[in-house]
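Enquirer: Just to be clear, the model below is a prediction. Sequence and coordinates:
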Amino acid sequence: MIYANRLKYLREARDLTQSDIAKVLGTTYQYYSTYESGKREMPFSRAIELARFYNVSLDYLAGFTDTPRKLN
């Protein structure tokens, strides 16, 4: 899953842990890690939260573009 790779890349590029991102989403790092590993589909609402948090487009998270366009 492309979004799993993108999530990990974005997190590591900001020197954040899975626990840090889990706190943003209001979940545990164990649950969040299943998104990054591709073991669990991420709900659209959480994708929106992370796109806002990272200031990237949903197209970038989904792999439709390689340009992480900034949101307005």
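Expert: Yes, it's here.
Enquirer: Poorly predicted segments of this structure, please.
Expert: Residue ranges of the chain with pLDDT under 70: 70-72.
Enquirer: Going by residue numbers, what spans are helices in it?
Expert: For the chain, the helices defined by DSSP state H occupy 2-13, 18-25, 29-36, 44-54, 58-62.
Enquirer: do you know which of those lies nearest Arg69?
Expert: Among the helices of the chain, the nearest to Arg69 by C-beta to C-beta is helix 58-62 (6.5 Å). All C-beta spots, glycine's among them, are computed from the backbone N, C-alpha and C.
Enquirer: returning to what we had before: is it possible to get CSV of the helices of the chain that adds mean neighbour count and distance to Pro68?
Expert: Output for the helices of the chain, formatted as CSV (neighbours: other C-beta atoms under 10 Å; distance: least, C-beta to C-beta, whole Å):
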stretch, mean neighbour count, distance to Pro68
helix 2-13, 16, 8
helix 18-25, 16, 16
helix 29-36, 17, 17
helix 44-54, 15, 8
helix 58-62, 18, 4
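Enquirer: Verify the stated contact: Gly63 with Tyr3.
Expert: Yes - using C-beta atoms under 8 Å, Gly63 is in contact with Tyr3, at 6.5 Å.
Enquirer: Give me the spatial nearest neighbour of Lys8, chain neighbours excluded.
Expert: Spatial nearest neighbour of Lys8, chain neighbours left out: Glu36 (4.9 Å); criterion: C-beta to C-beta, 6 or more residues apart in numbering.
Enquirer: contacting residues around the one you found?
Expert: Going by C-beta atoms under 8 Å, 6 or more residues apart in numbering, Glu36 touches Ala4, Leu7, Lys8, Arg11, Gln18.
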